[in-house]
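[1] return atomic coordinates for the entry below.
(chains A and B)
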Amino acid sequence: MSRFPRKAIPSLAAFAVFMVAWECLGAFGSLQDSVLPRPSLVLTTLIRHRSLLWHHSVVTLSEAFIGFVIACAVAFILGMVMDNFSTLKNALHPFLVVSQTVPIITLAPLFVIWFGYGWMPKVIVVVMVCFFPVVINFLHGMEHVDQDMITLMRIMKASKMDIFWLVKLPHSLPFIFSGLKISASYAIMGAVIGEWLGAKDGLGEYMRRSMKAFAVEQTFASIVIITVVSLVWIWLLFKIEMALMPWRKTENTQEE
Amino acid sequence: MTISPELEVQNVTVYMESLFVLDRISIYIQPEELVTILGPSGCGKSTLFSVIAGLIKPTSGEVIMHDQSITGTLGHVSYMTQKDLLLPWRSILDNVSLPLVLQGESWKKSREKAASYFSLFGLEGFETAYPLELSGGMKQRAALLRTCLFQKPVLLLDEPFGRLDAITKRTMQNWMMGIAQKMKTTILMITHDVEEAIYLSDRIYILSKLPGKVLAELTVSLSKPRTATIMTSSVANQLREKILSLL
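    So this is what the prediction gives:
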């Protein structure tokens, strides 16, 4: 616990004050529970509906996670190939960027038409929103490798593969992880929105039902879960990033 | 000279696009010799090294090593620049083992071999450290060890101490002369520091401004090992004056 960051104390205190104030306002009747339910009410809903919420969360998380993993794999392979063949990169890069001007969410109804109410359309939405930040950051990272370093590797007779594994990939890791962290938050959002449009279960479907029943506290409960899961997801990525890049730890301690 | 040169550059001329960079450069280097190429900044010194390393094919002329043309082919010489170019994500031991690994040796054997040179290069105890944890002088020593472990007969050093402070620079120069003698290396070095050239070299080639061509070839007849006092001797003074009048 000695490593507990002191810098976190003010923001944690602010959060606590905010929650208590909200609770008090609700308790004294300034806020109606049917409009903005008190934190305690949301908490009891979370506990009361725990098995149902668990079931829906597992569904949504699986879709998000599977989509995220597929997106990472596609981004990695595409990034590697595009970096190796500059013609292909020049050919595909504009399409990649332009494809992002199409709001992916608006395509979701199409996927429902094509693939039905199962997990498939949700996973496709997740893949489509997640892969772009990763591949663009990956390519960006590889473009910014010190060219002198590559020249030296060539003088030492390194193959293209050697250069990729020893220089380009490690250099791109911080870039890849920035992309992954953006994608992680997109992933759950993509899955939930996919579910809104039609699903048998999942947090999005639960939210839709809550909305129809005007059960505001249930909607809030889903929001809490989604937020917490996103936080944990990003925290995990951060931990993996630290473990994969031990040399950056020394970088940080030197700065202090 | 009776011994055949280790490396020879014959009449190398380089045009880059419309820029005339090198004008019929001819130089040679004997085994175990330390030769410097001295010239003003931007006189095409680094281009000459790129030609020798095989990164650039000259417009005309040849690079000969052991009676064979190596013009435009990579991997015949070791090369070190003023940037240490150590991979930040690899330990010092891995960094210096790299040339052995790239020549097909296993990581384990390469690390063993590289580790045996750590005390000679003043790096012992820093095997597992990352480059960022080392001082500037140590990084350059690690870079030099990596260059040596590429195990090519000629080392090309492109302003190896250019980025170091004056005090570290002198320590490194003394240390490098010791290493060169112990390891019996042949070194071709670029510098724009007159003092460094006199202090280290057996011979000096003076290059002109663009297009670079050899203005003079000077033999440094100071005895080795050299010390700081030798730099104020009459031989050194004459040499210094001659160089400054040429540049």
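
[2] can we go C-alpha only for contacts and neighbour counts from here?
    OK.

[3] the stretch 1-150 of chain A: helices as residue ranges?
    All helices of the stretch 1-150 of chain A, identified by DSSP state H, counting those that start in this stretch, fall at A:8-27, A:39-48, A:50-84, A:86-99, A:104-115, A:120-143, A:147-155.

[4] nearest to chain B, out of these?
    With Cα to the nearest Cα, the closest approach to chain B among the helices of the stretch 1-150 of chain A belongs to helix A:147-155: 5.3 Å.

[5] who touches the helix or strand following that closest one?
    For helix A:147-155, the following helix or strand on the C-terminal side (DSSP states H and E) is helix A:160-163. Here helix A:160-163 makes contact (Cα atoms under 8 Å, 6 or more residues apart in numbering or on different chains) with A:150, A:153, B:102.

[6] quick check: closest non-adjacent residue to the first one.
    The shortest distance from residue A:150 to any residue that is not its chain neighbour, by Cα to Cα, 6 or more residues apart in numbering or on different chains, is 6.9 Å, and that residue is residue A:163.

[7] which parts of the stretch 51-200 of chain A sit against chain B?
    By Cα under 8 Å from any Cα of the partner chain, the residues of the stretch 51-200 of chain A that approach chain B are A:148-149, A:152, A:154-158, A:162, A:167, A:170-171.

[8] show me which of those residues is closest to residue B:62.
    residue A:155 (18.3 Å; Cα to Cα).

[9] look up how far residue B:80 lies from the closest one.
    Between residue A:155 and residue B:80 the computed distance is 10 Å (Cα to Cα, to the nearest Å).

[10] same question, residue B:203
    Residue B:203 sits at a distance of 20 Å from residue B:80 (criterion: Cα to Cα).

[11] likewise for residue A:239?
    Residue A:239 is 36 Å from residue B:80, by Cα to Cα.

[12] for residue B:54, same thing?
    14 Å.

[13] buried ones in stretch A:48-57?
    Residues of stretch A:48-57 classed as buried: A:53, A:56-57 (neighbour count, 16 or more other Cα atoms under 10 Å in any protein chain shown).

[14] centre-most residue in chain B?
    In chain B, the C-alpha nearest the mean C-alpha coordinate belongs to residue B:157, at 2.0 Å (Cα atoms, centre = their mean).

[15] what about that one, which SS state?
    In three-state terms, and counting by DSSP: H, G, I helix; E, B strand; the rest coil, residue B:157 is strand.

[16] identify the residues contacting it.
    Residues near residue B:157 by Cα under 8 Å, 6+ apart: B:79-81, B:187-190.

[17] farthest-separated two in those?
    Top of the distance list for the contacts of residue B:157 (Cα to Cα): B:81 and B:187, 13.2 Å.

[18] what's the neighbour count on residue A:85?
    Using other Cα atoms under 10 Å in any protein chain shown, residue A:85 has 10 other residues around it.

[19] which residue, other than its chain neighbours, is closest to residue B:9?
    The shortest distance from residue B:9 to any non-neighbouring residue, by Cα to Cα, 6+ apart, is to residue B:63 (4.6 Å).

[20] what about the one you found, distance to residue A:8?
    63 Å.

[21] so for those two, which residue has more residues nearby?
    The neighbour comparison of residue B:63 against residue A:8 (other Cα under 10 Å) goes to residue B:63, with 26 against 9.

[22] which residues touch stretch A:93-101?
    By Cα under 8 Å, 6+ apart, the residues outside stretch A:93-101 that reach it are residue A:132.

[23] again, but for stretch A:51-67
    Stretch A:51-67 has contacts (Cα under 8 Å, 6+ apart) with A:46, A:119, A:122-127, A:130, A:187-188, A:190-192, A:201-204, A:206, A:222, A:225.

[24] could you redo the last one with a cut-off of 6 Å?
    A:123, A:126-127, A:187-188, A:191, A:201-203 (Cα atoms under 6 Å, 6 or more residues apart in numbering or on different chains).

[25] can you list the low-confidence ranges for chain B?
    For chain B, the stretches with pLDDT under 70 are B:1-3.

[26] next SSE downstream of the biggest helix by length in it?
    Ordering each helix of chain B by length in residues (DSSP state H) puts helix B:166-183 first. Once helix B:166-183 ends, the next helix or strand along the chain (criterion: DSSP H and E) is strand B:186-191.

[27] partner strands of that following strand, with direction?
    strand B:34-38 (parallel), strand B:154-158 (parallel) (DSSP bridges).

[28] one step back: just the element for the residue nearest to residue B:9, please.
    Assessed by DSSP H and E, residue B:63 sits inside strand B:60-65.

[29] starting at the chain centroid, how far to that strand?
    Chain-centre distance of strand B:60-65: 19 Å, with Cα atoms, centre = their mean, to the nearest Å.

[30] partners of the helix or strand that it is followed by in the sheet?
    Note on strand B:60-65: by DSSP H and E, the next helix or strand toward the C-terminus is strand B:68-69. Neighbouring strands of strand B:68-69 in its sheet, by DSSP bridges, are strand B:60-65 (antiparallel).

[31] if we can go back for a sec, Throw the buried residues of stretch A:48-57 into TSV and include pLDDT, thanks.
    Formatted as TSV, those follow (pLDDT from 0 to 100):
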residue	pLDDT
A:53	92
A:56	93
A:57	93
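
[32] burial count for residue 219?
    Picking chain A for this. Count around residue A:219 with other Cα under 10 Å applied: 20.

[33] oops, I was thinking of chain B
    Residue B:219 has 14 neighbours, counted by other Cα under 10 Å.

[34] what is the closest residue to it other than its chain neighbours paired to in the beta sheet?
    Nearest non-adjacent residue to residue B:219, counting by Cα to Cα, 6+ apart: residue B:203, 4.4 Å away. For residue B:203, the beta-bridge partners are residue B:35, residue B:219 (DSSP bridges).

[35] ranges for the helices of chain B?
    Using DSSP H, helices in chain B cover B:45-53, B:92-102, B:107-115, B:136-149, B:166-183, B:194-200, B:234-246.

[36] need the winner for burial among the ones you listed.
    helix B:92-102 (a mean of 24; mean count of other Cα atoms under 10 Å in any protein chain shown).

[37] list of residues touching it?
    Applying Cα under 6 Å, 6+ apart, the contact partners of helix B:92-102 are A:158, B:107, B:110-111, B:114, B:127, B:129-130, B:146, B:150.
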